[in-house]
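Asker: everything below, folded, please.
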Amino acid sequence: MSHLRKYLGGRAFTLYSHGTCVVWIGHGELGVAEANERLRAVTLQDPDFRVQRHEDGNYLVTFKGGIGGVMSGELLQANLAELRQEAVTQGMLPGERLVTHHADKESELDMIAGLYVRARLYLDVNDLEVVASVA
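Answerer: All right, here's what the predicted structure looks like:
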């Protein structure tokens with residue numbers, strides 16, 4: 001949670017059990033029902049994510065609408081083959097094809113981190129279990 005707080009510049013967020021967060025936009029607390037709705041809305045859009053590498057080796061993966069999650073760089077490196085497989089099998093939508101323009105190692109790591117966090121997002125959409133609201 002401290003990594004998210006740092007990466008999000010101290011902005012408030014709602015955290016789900018599989019690590020997905022919903023950033024509070026504007027002032028005031030975001031209710032659970034509204035956070036759940038914003039979380040579900042991501043799955044209704046075209047698949048899209050952005051990966052930001054941080055100097056501590058972790059990856060912040062963000063989606064449209066203030067949704068995101070963190071992939072531990074340590075976890076990624078220690079379990080690369082397994083996470084590559086999990087990201088592709090659980091992070092892809094039916095009929096979705098992976099198209100990459102870069103074949104370098106860093107781009108592959110970004111893709112794996114993004115698909116892994118997206119797979120966790122799908123788990124959070126199914127469970128909708130909020131574990132913390134951080135103001």
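
Asker: which element follows the helix-or-strand element of the chain with minimal mean pLDDT toward the C-terminus?
Answerer: The weakest-scoring helix or strand in the chain, judged by mean pLDDT, DSSP states H and E, is helix 80-90 (a mean of 78). Per DSSP states H and E, the first helix or strand lying C-terminal to helix 80-90 is helix 105-127.

Asker: give the next helix or strand downstream of that next one.
Answerer: Next along the chain from helix 105-127, counting by DSSP H and E, comes strand 130-134.

Asker: for that following strand, give me every contacting residue.
Answerer: Residues from elsewhere that reach strand 130-134, judged by CB atoms under 8 Å, 6 or more residues apart in numbering: 1, 4-5, 12-17, 29-30, 32, 35. Backbone N, C-alpha and C define where each C-beta goes, glycine included.

Asker: looking at the residues you listed, which is nearest A81?
Answerer: S17 (25.7 Å; CB to CB).

Asker: that concludes my questions; thank you for your assistance.
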